[in-house]
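*Asks:* return a 3D structure for these sequence lines:
(one chain, ligands or ions: 2)
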Amino acid sequence: GNAILSGYGTTIFEVMSRLADEHGAINLGQGFPDERGPADVLDVAANALLTGWNQYPSMMGTPDLRQALANHAKRFYDLEVDWKTETMVTSGATEALTACLLGLINPGDEVVLFQPMYDSYLPIVRLAGGVPRFVSLKAPDWSFTRADLEAAFSPRTKLVLINDPLNPAAKVFSRPELELIAEFVQRFDTLAVCDEVYEHLVFDGRRHIPLMTLPGMRDRCLKIGSAGKTFSLTGWKVGYVTAAPHLLQPVAKAHQFLTFTTPPNLQTAVAFGLNKDDAYFADLAGGLQAKRDRLAAGLTAVGFEVQPSAGTYFVVADIGRFGFDGDDQAFCRWLTAEAGVTAIPVSAFFVENAPTTCVRFCFSKKNEILDTAIERLSKRF
Ligand code: PMP
Ligand code: GLN
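*Replies:* Ligands and ions are numbered 1, 2, ... in the order given. Got it, this is the predicted structure:
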């Protein structure tokens, strides 16, 4: 058919997870933790389910979660947020992103995207009638230059979509990089949709810097988060948007016709989670950092050329030395079938200028699973 999405196949995450299941492979492909999530958050959800309200909550989200979002913004980023006019709950960050694009752009508007990019970005830009303009980050440090931005921005740019920390590259944008992006956003009088779902998954003492906190950016940014990442509950699909009222209102219009609401009992539990003490957030990052080191050391020992991972729960490894004719997709299929370990080909995150020798591993798994994966790999390399 000629529907807008007719050219797209099944998402790479589903494809690789199915292939992993077929082969009984250890699935280090699709990003999800293999633990149950924080017990106290689950308790609050269970209790809310049994004794609380299970009908439509307000389309903007439950007051408890919206207040928790404002408190979280103040606690971690010193951002003053009015929960009543500047927060909205969505069914996952995916819906938040979609509502932002549908709510903010007109057909023909240009959208600046950084490659590698999360797989839903381009389809939703197209659904909204936007015209993508790409900035291709260059491995191994996934850097970009002022000239790259000059080439991508134009008077027709409506917004830039930025994912920081960046899936799959595991890059955390530096303050100078964010300042450069902020300069262009202001110079071209545009907006920034900031996918910050991995905001708490940053390592080695780094602190996540929301683009929204840079000078002049408070009222140009829409900041998106996800309980899926912050509480290791990816199946819940609870996301949120924080933005100035004049930006949030058009996004809310799209949201009301997409999902309208999100399960209230889950919202109450996420509110409880966001109010947990600093130790929870530190332990989340610290625990993942140890897993990163464990998997990276194992991959290195086996012969992979492992790139640094500053954030997210992913690590990218270069497979150039293993042959496969620079075909990361073929490598990932082979690895699943022959080594019993699944990874995601990084080329899936590009539409042009894709690197062909990078694969992504998820390390948010039990230590024994990571160790078994390395054992399996060591039999093949
Ligand atoms: N953005 C990025 C960069 C992601 O990695 C993910 C997780 N798959 C999402 C958005 C979607 O988040 P959610 O599951 O909350 O919709
Ligand atoms: N965000 C997850 C990843 O990058 C997958 C989410 C999904 O399967 N849609 O692996």
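*Asks:* find the closest residue to ligand 2 in the stretch 101-250 of the chain.
*Replies:* Nearest residue of the stretch 101-250 of the chain to ligand 2, counting by C-beta to the nearest ligand atom: Asn167, 5.1 Å away. Any C-beta I mention is one placed from the backbone N, CA and C, and that applies to glycine too.
*Asks:* can you map out the helices along the chain?
*Replies:* Secondary structure of the chain (DSSP state H): helices at 12-23, 39-51, 63-77, 83-86, 92-104, 121-127, 146-152, 175-187, 227-230, 245-258, 264-274, 278-302, 328-334, 367-378.
*Asks:* next one: the second one to chain centre, how far?
*Replies:* On the basis of C-alpha atoms, centre = their mean, to the nearest Å, helix 39-51 is displaced by 26 Å from the centre of the chain it belongs to.
*Asks:* just the fifth one next, same as before
*Replies:* With C-alpha atoms, centre = their mean as the basis, the distance from the averaged C-alpha position of helix 92-104 to the chain average is 13 Å.
*Asks:* who are the packing partners of that helix?
*Replies:* Using 3 or more C-beta pairs under 8 Å, 6 or more residues apart in numbering; DSSP states H and E, the elements in contact with helix 92-104 are strand 87-90, helix 121-127, strand 157-163, strand 191-195, strand 221-226, strand 239-243, helix 245-258.
*Asks:* make JSON lines out of these and add mean pLDDT and distance to ligand 2.
*Replies:* Shown next, in JSON lines, are these (pLDDT from 0 to 100; distance: least, C-beta to the nearest ligand atom, whole Å):
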{"stretch": "strand 87-90", "mean pLDDT": "99", "distance to ligand 2": "15"}
{"stretch": "helix 121-127", "mean pLDDT": "97", "distance to ligand 2": "12"}
{"stretch": "strand 157-163", "mean pLDDT": "98", "distance to ligand 2": "10"}
{"stretch": "strand 191-195", "mean pLDDT": "99", "distance to ligand 2": "10"}
{"stretch": "strand 221-226", "mean pLDDT": "99", "distance to ligand 2": "9"}
{"stretch": "strand 239-243", "mean pLDDT": "99", "distance to ligand 2": "12"}
{"stretch": "helix 245-258", "mean pLDDT": "98", "distance to ligand 2": "16"}
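*Asks:* for Pro264, find the nearest of these.
*Replies:* strand 87-90 (9.6 Å; C-beta to C-beta).
*Asks:* the residue of the stretch 1-150 of the chain found nearest ligand 1: neighbouring residues, count only.
*Replies:* Here the stretch 1-150 of the chain gets closest to ligand 1 at one residue, Gly92, 2.7 Å apart by C-beta to the nearest ligand atom. Counted with other C-beta atoms under 10 Å, the neighbours of Gly92 add up to 22.
*Asks:* now do the contacts for it.
*Replies:* Listed by C-beta atoms under 8 Å, 6 or more residues apart in numbering, the contact set of Gly92 reads 226, 228, 237-239.
*Asks:* now those in TSV, with neighbour count?
*Replies:* What follows is the contacts of Gly92, written out as TSV (neighbours: other C-beta atoms under 10 Å):
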residue	neighbour count
Ser226	25
Gly228	23
Lys237	19
Val238	27
Gly239	26
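*Asks:* quick check: Leu266 touching Ala45?
*Replies:* Yes - in this structure Leu266 lies within contact range of Ala45 using C-beta atoms under 8 Å: 5.8 Å.
*Asks:* before we move on, the earlier item: and the contacts of Gly92, which is closest to Asp278?
*Replies:* Ser226 (19.7 Å).
*Asks:* surely Thr262 and Lys237 touch.
*Replies:* Yes - the pair Thr262 / Lys237 is scored as a contact, 7.5 Å apart, by C-beta under 8 Å.
*Asks:* show me the common contact partners of these two, please.
*Replies:* Joint contacts of Thr262 and Lys237 (C-beta under 8 Å, 6+ apart) are Ser91.
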